[in-house]
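Q: Have a look at this prediction, sequence included:
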Amino acid sequence: MLFNSLLFFVFFVLVYSGYLFLNHKWQNRWLLAASCIFYGAWDWRFLALLFVSTSLDYIFALRVDELKDPRKRKAFVVFSVVVNLVILGFFKYFNFFITSLTNFFSHFGINLPLPALNIILPIGISFYTFQSMSYVIDVYRQEIKPTRRWADYALFVSFFPHLVAGPIMRAKQLLVQVIEPRIVTLSKFYEGCFLIFWGLFEKIFVADNLAKIVNPIFAGGPTYNGVEVLVALYAFAFQIFCDFDGYSNMARGLGKCLGFEIMINFHLPYFATNPREFWQRWHISLSTWLKDYLYVPLGGNRGSTLLTFRNLSVTMLLGGLWHGASWTFVLWGAYHGLLLIGHRLISSLRAPSNFAWPKIIKVVFFFHLVILGWLLFRAQSLSQVEQMMHALMFNFYINKESGFLFWKFLAIISFLLAVQIGQYKTNDLMFLYRRHWVTKTIAYAVMMYLIIGWGAMKAEEFIYFQF
Amino acid sequence: MISKVISKAFLRIFIFLVVIELLLRLGGFVFLALQERQNKILPGARAEYRVLCLGESTTALGGEDSYPNQLEKILNLGQTQTGFKVINKGIPSATTTHIALHVEEYLNEYQPDIVVAMLGINDHVSPLKEHNGLIAVAKGFFEHFNTYDLARSLWLRLFHQDINEKNERAEKQIQKIEVDVARAPSAENYTKLAGMYRAVNKSEQERETLLKALSLDPNDYQAWGYLGLHYKRLGDYQNAAPALEKMVALSPNTGDSKVAAYAELADCYRLWGKPRDSERVYLESIHFLPNHPGAYGCLANLYLEEKRYDEAEKLYEKQISINPNAVLFYGKLAHCYRRHGRHLAAERLLQQAIKFNPKVAVLYVELSLCLQENKKDREAQAVLNQAWELQTESSDDPNLDNDGYNPQTAANFQKIKNVLSQTKIPLVIVQYPMRDINPLKKIFYPAGDVHFVDNKTIFEHAVRKDGYDEYFTDRFAGDFGHCTAKGNRLLAGNIARVIEKIFK
């Protein structure tokens, strides 16, 4: 069930109208049932896995809490992390591992008769595994008390607005909201509706239309010139942002309607001036997760410079691999690791001076570094990366087609860009929502026109579902 | 307080709708301006053929991939000297009324050598709706807004998915029958199964099953008949004719079915472009059962097509004398009278037919044309209005032989045809994908220099094979929608074949 489908609309209206009439206890059960239907609609077999994974971590947390001996506690939490990673690894990385191994050995003329399993990737597994993993660790760190009600815990993991593509929430933020009664107010409802509408606009109009520019160019086939490749990269940068941010906004909006506060996942990432800032703005729920449960435990930046660099690279490599079982993702993670290291080096080496580049130049420059990363991320293969880099460097000229493509790209993102500049200037993501009602009505009409008149109407899947 | 809230809400909705309407109009304006720029890029020399494509959004939209654009590419493929320039005059949401009104203007402006038209889908809007009470007036008012069209298309896009479900159900039923037939294979059962395949447009399976039936019983005249009709639908007359001949030879000599067999065979020859064979078969049919009304009218139609009005007239009169209930032939006969200059006789005949069966809209259209020729313009319009009212009153009436076209559309088509035949420019009438060509052929009857492009079978086949979404981006018309690049390619290829034949 996709957020941008008619089926989901009907589903949510039904769920919501029931929800409003129930008391807190039944609201939770109702939402849990709805979440199961939502997830089971993809494939009912996924439900079994979700059930197993949820129940295991629920029991692990209780057990960790009971144990008093610090060594046993530690051993147990390590065990729980390993179990989670094995489940994730099996479903997500098994075949990747096997094929990589076979390829590696075939270089030396050895044929490994390893079996490749036909595993379907359960949707959202990376998201909910990370979420329930962090729960056990938090209990171990004694930052929270484990819940004794399985249903509450199950709802915390499977809550349908954020189940399949995040944000990855912590127990501190979300479990509390499951346990405590929530208040639905009219103003929250309005804000929720606005966020859903804005998310739909980002997804249906911006992301899906940009996909039509991006996909043919990345599909291979005829060689495109450098300008076309560049426009495709620009387009992909906004496509993936709008796809994921759109989803996150819809999740936030749905949450708000139900009285939940779901965290902000993107805070205008393309306005970042350096890699550090970028990761504070991009996929915030994942980057803070990696920071808290990987980077800091590894030692963070408390050790020597070299150790910090090691920690940064490990975190970013694994962060890349989290996105999927492919070498291009690993390379993308490595690239961002290098950017972070480079940034640290430069800022530590540079002598203090009064000169500073204008902000806009820094933003534009760093944006181009980011899209180089997107090239690694989006490319089908390493040879395609090479081909496109070649086009960018040696085959860069403007002709009628590439000019047209650029204007098309600009037309698609213009409304979004205008709103984002407003959001940035006011430092308020609800910038549009807080305009005068006439301005707002006109803006809504424009968005509606763009969605219905020009939006891609077939409910397209969200990119981040595959991770 | 409450009234303030409500009035503010209304104001909001009003502003919202106004902005959307303005954007739609602005978008349309920019679109047409860009299209016009493209159309004006004509090479100076007049050495090439110009193809003018008339239509609405199905013609206009698609940019590089629109069907006129792809048509130009296809037509110029093997050409070395005489190139083709295709002009896209598709105007989104245009009705036939609009196009019929401007067709002369377009001809003067673009000087085409041939005109291609795919029209009519927007004609649910009638200029005559003022006559139908307050609700209709209100509806008519809203229909003038682009926002209404937008909402309507959205509605269809979101809620018109039941066609797929229907197919799925049929599919399941077929699977059951397949099992039964496999258990008891007989020619009769195979023929039945073939019928099921036909119902869900599984053309290849239908043919195979029929061939199986014939291998079991080569004298099964029904199987021969269905096989012949199958080929005929695909336009493969070479195979269709022998199969239908078999059916005629084998079918029992019991009145109706034999005459129906003759009629199909004759029709097949007619479509094949062998009118003499067609004539021979009709005459055989008449010889076989001289008092059966079936063949006279059909043969007369054939003569009418060949402009042999004297013979046609006699046959129509014979037909009517045998079966006075078939009022449609009155219309045809009236047409013959008009050709002979007997306008008053035609008028009288049509009025008689209408009295006989006042529910057939085509007769009113014919009468209206007749009155126009007799310079009774006001009466003509009144009759046309009557036809329209009839249509809205009882659009479910099976006796209504308008085949889904409202009388105004039929009249507009006639006008376009007349304008083109005056200027001696051939007209290619394209039926929409998935729709039946025959109602259009009826409207344009007799064909003259009008050529038809049938897009039913080819699209149904393609959709069955690759899925609806490969060919269409939406469902604005219910059974079909705007084409994807691939859909437009199919459309253009189909049209190109007809155009190439004309210029040979």
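A: Thanks, I have the structure now.

Q: Which of the three states applies to A:Gly324?
A: When classified by DSSP: H, G, I helix; E, B strand; the rest coil, A:Gly324 comes out as coil.

Q: A:Ile262 - that's part of a helix, no?
A: No. Counting by three-state DSSP, A:Ile262 falls outside a helix, being coil.

Q: show me what contacts it?
A: A:Pro161, A:His162, A:Pro167, A:Met169, A:Leu174, A:Ala251, A:Arg252, A:Gly255, A:Lys256 (CB atoms under 8 Å, 6 or more residues apart in numbering or on different chains). C-beta coordinates here come from the backbone N, C-alpha and C atoms, glycine included.

Q: tell me which element the residue nearest to the fifth one when sequence neighbours are not counted is part of?
A: This points to A:Leu174. Residue nearest to A:Leu174 in three dimensions, not counting chain neighbours: A:Phe156, with 5.5 Å by CB to CB, 6 or more residues apart in numbering or on different chains. Element membership for A:Phe156, per DSSP states H and E: helix A:150-158.

Q: which ones among the contacts of A:Ile262 are found in helices?
A: Of the contacts of A:Ile262, the ones assigned to helices by DSSP state H are A:Ala251, A:Arg252, A:Gly255, A:Lys256.

Q: among the residues you listed, who's most crowded?
A: A:Ala251 (28 neighbours; other CB atoms under 10 Å in any protein chain shown).

Q: Can you get me a residue count around the closest residue to chain B within chain A?
A: Closest contact between chain A and chain B, by CB to the nearest CB, is at A:Ala445 (3.5 Å). By other CB under 10 Å, 22 other residues sit near A:Ala445.

Q: Surely it touches B:Ile20?
A: Yes. Taking contacts as CB atoms under 8 Å, A:Ala445 lies within contact range of B:Ile20: 5.0 Å.

Q: Spell out which residues sit in contact with the closest residue to the residue of chain A closest to chain B other than its chain neighbours, please.
A: Closest residue to A:Ala445 apart from its sequence neighbours, by CB to CB, 6+ apart: B:Val19 at 3.5 Å. Contacts for B:Val19 (CB under 8 Å, 6+ apart) come out as A:Thr441, A:Ile442, A:Ala445, A:Val446, A:Tyr449.

Q: Report the next helix or strand after the strand or helix carrying B:Val19 in sequence order.
A: In the assignment (DSSP H and E), B:Val19 maps to helix B:2-40. Sequence-wise, the next helix or strand downstream of helix B:2-40 (DSSP H and E) is strand B:49-55.

Q: tilt between that following strand and helix B:2-40?
A: 170 degrees (axes from the mean of the first three to the mean of the last three CA atoms, to 10 degrees).

Q: Which secondary structure elements does strand B:49-55 sit against?
A: When contacts are defined as 3 or more CB pairs under 8 Å, 6 or more residues apart in numbering or on different chains; DSSP states H and E, strand B:49-55 sits against helix B:67-75, strand B:84-90, helix B:96-110, strand B:114-118.

Q: could you give the mean pLDDT of the second one?
A: The one in question is strand B:84-90. Average pLDDT, strand B:84-90: 86.

Q: Check the first one too.
A: Taken as a whole, helix B:67-75 carries a mean pLDDT of 87.

Q: cool, and the last one?
A: For strand B:114-118, the mean per-residue pLDDT is 91.

Q: can the contacts of B:Val19 go into JSON lines with extra columns for secondary structure?
A: Output for the contacts of B:Val19, formatted as JSON lines (three-state DSSP):
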{"residue": "A:Thr441", "secondary structure": "helix"}
{"residue": "A:Ile442", "secondary structure": "helix"}
{"residue": "A:Ala445", "secondary structure": "helix"}
{"residue": "A:Val446", "secondary structure": "helix"}
{"residue": "A:Tyr449", "secondary structure": "helix"}
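
Q: could those be laid out in a markdown table, adding pLDDT?
A: A markdown table is the format used below for the contacts of B:Val19 (pLDDT from 0 to 100):
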| residue | pLDDT |
| --- | --- |
| A:Thr441 | 93 |
| A:Ile442 | 93 |
| A:Ala445 | 93 |
| A:Val446 | 93 |
| A:Tyr449 | 88 |
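
Q: ok, back up a step: any chance of the contacts of A:Ile262 in JSON lines, plus pLDDT and distance to A:Leu369?
A: As requested, the contacts of A:Ile262 are exported to JSON lines (pLDDT from 0 to 100; distance: CB to CB, whole Å):
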{"residue": "A:Pro161", "pLDDT": "91", "distance to A:Leu369": "33"}
{"residue": "A:His162", "pLDDT": "89", "distance to A:Leu369": "30"}
{"residue": "A:Pro167", "pLDDT": "90", "distance to A:Leu369": "25"}
{"residue": "A:Met169", "pLDDT": "91", "distance to A:Leu369": "30"}
{"residue": "A:Leu174", "pLDDT": "90", "distance to A:Leu369": "34"}
{"residue": "A:Ala251", "pLDDT": "94", "distance to A:Leu369": "29"}
{"residue": "A:Arg252", "pLDDT": "95", "distance to A:Leu369": "29"}
{"residue": "A:Gly255", "pLDDT": "94", "distance to A:Leu369": "33"}
{"residue": "A:Lys256", "pLDDT": "94", "distance to A:Leu369": "34"}
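
Q: Go through those and name the one nearest B:Asp474.
A: A:Ala251 (28.1 Å; CB to CB).

Q: give the contact list for the closest one.
A: A:Ala251 neighbours (CB under 8 Å, 6+ apart): A:Phe3, A:Pro161, A:His162, A:Ala165, A:Gly166, A:Pro167, A:Gly199, A:Ile262.

Q: Check the gap between B:Met118 and A:Arg73 for me.
A: Using CB to CB, to the nearest Å, B:Met118 is found at 75 Å from A:Arg73.

Q: The two - which one has more neighbours?
A: Neighbour count, other CB under 10 Å: between B:Met118 and A:Arg73, B:Met118 has more, with 23 against 18.

Q: How about that one: what's its closest non-neighbour residue?
A: B:Val430 (3.9 Å).
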